[in-house]
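Asks: sequence? don't have it. structure:
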């Protein structure tokens, strides 16, 4: 009986996290389109509901009623599995995101490694979709995307090492608590910039949206997908973007901590600050989409391997030397 | 405890079945996908015995990077047709004894290790390090790798580096006639080497030599 209650309370907690995440995903799609439109002096979606807020729900309804077409020559099981993998991986990662002290579903020792592992698994949804479609454009898109995601993961990993050197723990709660005095964005500002750009590449956002470059590859790995399966790819992609924003705010912007530890700020409940920071980072993502032209593929690879990787490696050496010289290494 | 053993048997069943399917499935790409499933369930088993660092590194390195390269190669080579030819050919039967020999060696090694662990546990204690249960295994690994085993650690890094450079050297070929973009050249172009102002004579035109 007790174990049953335990299971129910855990399920309740998980739903309490996942449903807001899914609703937020729908809302940020609308937000993204509005920001994009405003930069280009358009109105954007503003018809359905107040300010067009229900546009995403209307879109979802439309996708639900569309026919799901599975190409005859495709590999059917993998074709169906691909969007499910993308969506699931984007959602399971939220288990370790702390929204406040003790406000986390799974407070595990290796939280940051878990996040990194799940985001590196995200590439499989795309490869599976591209290969199973059994068609040229999706396959080329998938290969591009896999190469891109694997290369930028390397620099994200090195950036995470920078932060870990200053924290001395792989636990996400410890990482946030280590920023009580100063957020890591101030001492590690160059790393934050590189993290942000790598996150853009990791989530296939413009200017690095080569996997679905519509001018060359129709729609990349999503070409053969339709109806709800296409919508799942799309939702998974936005959930991944939100996750990257959450990771950025935990690593560099002090997670749930308030900007100043004085009266009006620290009275606000902690989840609010994390959500505020996630949305702030997402605003940057949306602005970049509107104002930066798409990269060429060789430029993308050059940026990842020849500029970001050496620079972040040198920064690891610098951080480590600084910490050792001034005896600031965190004591375990 | 019951839940623990249920999960253990669940993951090990998936691991064994997918390991068999790696060799049994006809389509090579399916084999790689089963290999990935195998890696994932093995890393779940690692996490269950409390080696969470090893499990996560397994996911990141093997599933996130190595298996992706596997998939790349297999998808690009179109091995599916080749494999069918191998199976139909007579010579394929000559691979079977070698495979049996390798699996026999691995089996004997496993028996030796497990038998030693079962019947002479004190032997194992004499060669393994004391790990305090208070530290997380990430910390205890870090305490050992960079101090006691620093030379082995550096050596393995060097071996990987040599392998990487070797692979690059073997596959690198400089193709002539390729047009590459050089930012330095583009930016350092002056008006004087790009544009020439010519006085054109009537009825003669300009001779252009490229």
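Replies: That came in fine, so what should we check first? Keep in mind that this is a model prediction, so the values were computed, not measured.
Asks: How about the single nearest residue of chain B relative to chain A: what's its closest non-neighbour residue?
Replies: Closest approach between chain B and chain A, counting by CB to the nearest CB: residue B:64, at 3.1 Å. Backbone N, C-alpha and C define where each C-beta goes, glycine included. Distances taken as CB to CB, 6 or more residues apart in numbering or on different chains place residue A:120 nearest to residue B:64, at 3.1 Å, with adjacent residues excluded.
Asks: What strand or helix carries the one you found?
Replies: According to DSSP states H and E, residue A:120 maps onto helix A:111-121.
Asks: quick one: contacts of that helix?
Replies: The contact list for helix A:111-121, computed with CB atoms under 8 Å, 6 or more residues apart in numbering or on different chains, reads A:89, A:92-93, A:96, A:108, A:149-150, A:153, A:156-157, A:160, A:164, A:170-173, A:175, A:202, A:240, A:243-244, A:247, B:53, B:56-57, B:59-60, B:63-65.
Asks: switch the cut-off to 6 Å
Replies: With CB atoms under 6 Å, 6 or more residues apart in numbering or on different chains as the contact definition, helix A:111-121 has outside contacts at A:89, A:93, A:96, A:153, A:170-172, B:56, B:59-60, B:64.
Asks: Show me which of these are buried.
Replies: The neighbour-count test (16 or more other CB atoms under 10 Å in any protein chain shown) marks A:89, A:93, A:96, A:153, A:170-172, B:56, B:59-60, B:64 as buried among the contacts of helix A:111-121.
Asks: of these, closest to residue A:294?
Replies: Ranked by distance to residue A:294 (CB to CB), the buried ones among the contacts of helix A:111-121 are led by residue A:153 at 20.7 Å.
Asks: In strands, which of the contacts of helix A:111-121 fall?
Replies: Counting by DSSP state E, the contacts of helix A:111-121 place none of their members in strands.
Asks: Inside helices: which ones of those?
Replies: A:89, A:153, A:172, B:56 (DSSP state H).
Asks: Quick one: end-to-end distance for stretch A:91-109.
Replies: 20 Å (CA to CA, to the nearest Å).
Asks: And for it, what's in contact with it?
Replies: A:13, A:17, A:21, A:111, A:114-115, A:118, A:171-173, A:243, A:246, A:256, A:270-271, A:274, B:52, B:136.
Asks: try 7 Å
Replies: When contacts are defined by CB atoms under 7 Å, 6 or more residues apart in numbering or on different chains, stretch A:91-109 is touched by residues A:13-14, A:17-18, A:21, A:111, A:114-115, A:118-119, A:170-173, A:176, A:239, A:243, A:246, A:255-256, A:270-271, A:274, B:52, B:136, B:138.
Asks: from chain A, which residue is nearest to chain B?
Replies: Counting by CB to the nearest CB, chain A gets nearest chain B through residue A:120, at 3.1 Å.
Asks: that older thread, export the buried ones among the contacts of helix A:111-121 to JSON lines and tack on pLDDT and distance to residue A:64?
Replies: What follows is the buried ones among the contacts of helix A:111-121, written out as JSON lines (pLDDT from 0 to 100; distance: CB to CB, whole Å):
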{"residue": "A:89", "pLDDT": "90", "distance to residue A:64": "22"}
{"residue": "A:93", "pLDDT": "90", "distance to residue A:64": "25"}
{"residue": "A:96", "pLDDT": "91", "distance to residue A:64": "31"}
{"residue": "A:153", "pLDDT": "88", "distance to residue A:64": "33"}
{"residue": "A:170", "pLDDT": "88", "distance to residue A:64": "40"}
{"residue": "A:171", "pLDDT": "88", "distance to residue A:64": "40"}
{"residue": "A:172", "pLDDT": "90", "distance to residue A:64": "35"}
{"residue": "B:56", "pLDDT": "90", "distance to residue A:64": "37"}
{"residue": "B:59", "pLDDT": "89", "distance to residue A:64": "33"}
{"residue": "B:60", "pLDDT": "89", "distance to residue A:64": "36"}
{"residue": "B:64", "pLDDT": "84", "distance to residue A:64": "33"}
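Asks: so residue A:277 makes contact with residue A:252?
Replies: No. Applying CB atoms under 7 Å as the test, residue A:277 and residue A:252 come out as separate, 9.4 Å apart.
Asks: who's more crowded, those two?
Replies: residue A:252 (26 against 23; other CB atoms under 10 Å in any protein chain shown).
Asks: Make JSON lines from the buried ones among the contacts of helix A:111-121 and add distance to residue B:106 to it.
Replies: As requested, the buried ones among the contacts of helix A:111-121 are arranged in JSON lines below (distance: CB to CB, whole Å):
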{"residue": "A:89", "distance to residue B:106": "33"}
{"residue": "A:93", "distance to residue B:106": "36"}
{"residue": "A:96", "distance to residue B:106": "36"}
{"residue": "A:153", "distance to residue B:106": "32"}
{"residue": "A:170", "distance to residue B:106": "34"}
{"residue": "A:171", "distance to residue B:106": "38"}
{"residue": "A:172", "distance to residue B:106": "39"}
{"residue": "B:56", "distance to residue B:106": "26"}
{"residue": "B:59", "distance to residue B:106": "24"}
{"residue": "B:60", "distance to residue B:106": "26"}
{"residue": "B:64", "distance to residue B:106": "26"}
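Asks: any chance you could map the helices in the chain?
Replies: You didn't say which chain, so I picked chain A. A:2-39, A:55-65, A:76-92, A:111-121, A:123-132, A:136-167, A:172-177, A:189-202, A:214-217, A:227-251, A:263-266, A:270-291, A:297-302, A:309-325.
Asks: hm, I was asking about chain B
Replies: With DSSP H, the ranges of helices along chain B come out as B:2-24, B:28-48, B:52-58, B:67-77, B:79-88, B:95-119, B:121-127, B:137-145, B:150-171, B:183-187, B:191-194.
Asks: Least confident of those, on average?
Replies: The minimum mean pLDDT among the helices of chain B belongs to helix B:79-88 (a mean of 54).
Asks: Chain A against chain B: which residues are in contact?
Replies: A:108-110, A:113-114, A:116-117, A:120-121, A:123, A:127, A:131, A:143, A:146, A:150, A:153, A:170, A:332 (CB under 7 Å from any CB of the partner chain).
Asks: if you set the cut-off to 6 Å instead, what comes out?
Replies: Contacts of chain A with chain B, taken as CB under 6 Å from any CB of the partner chain, map to A:109-110, A:113, A:116-117, A:120, A:127, A:131, A:146, A:150, A:170, A:332.
Asks: which among these end up buried?
Replies: Applying 16+ other CB under 10 Å to these flags A:109-110, A:113, A:116-117, A:120, A:127, A:131, A:146, A:150, A:170 as buried.
Asks: Please convert those residues to TSV, extending it with distance to residue A:216.
Replies: Shown next, in TSV, are these (distance: CB to CB, whole Å):
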residue	distance to residue A:216
A:109	44
A:110	40
A:113	36
A:116	30
A:117	31
A:120	26
A:127	19
A:131	19
A:146	17
A:150	21
A:170	40
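Asks: Among these, which pair sits farthest apart?
Replies: Going by CB to CB, the pair spanning these furthest: A:109 and A:131, at 35.3 Å.
Asks: Can you list the low-confidence ranges for chain A?
Replies: A:213-215, A:332 (pLDDT under 70).
Asks: The same query, at a cut-off of 80, please.
Replies: Counting by pLDDT under 80, chain A has low-confidence residues at A:1-2, A:210-220, A:260-267, A:330-332.
Asks: show me what contacts residue A:26?
Replies: residue A:56.
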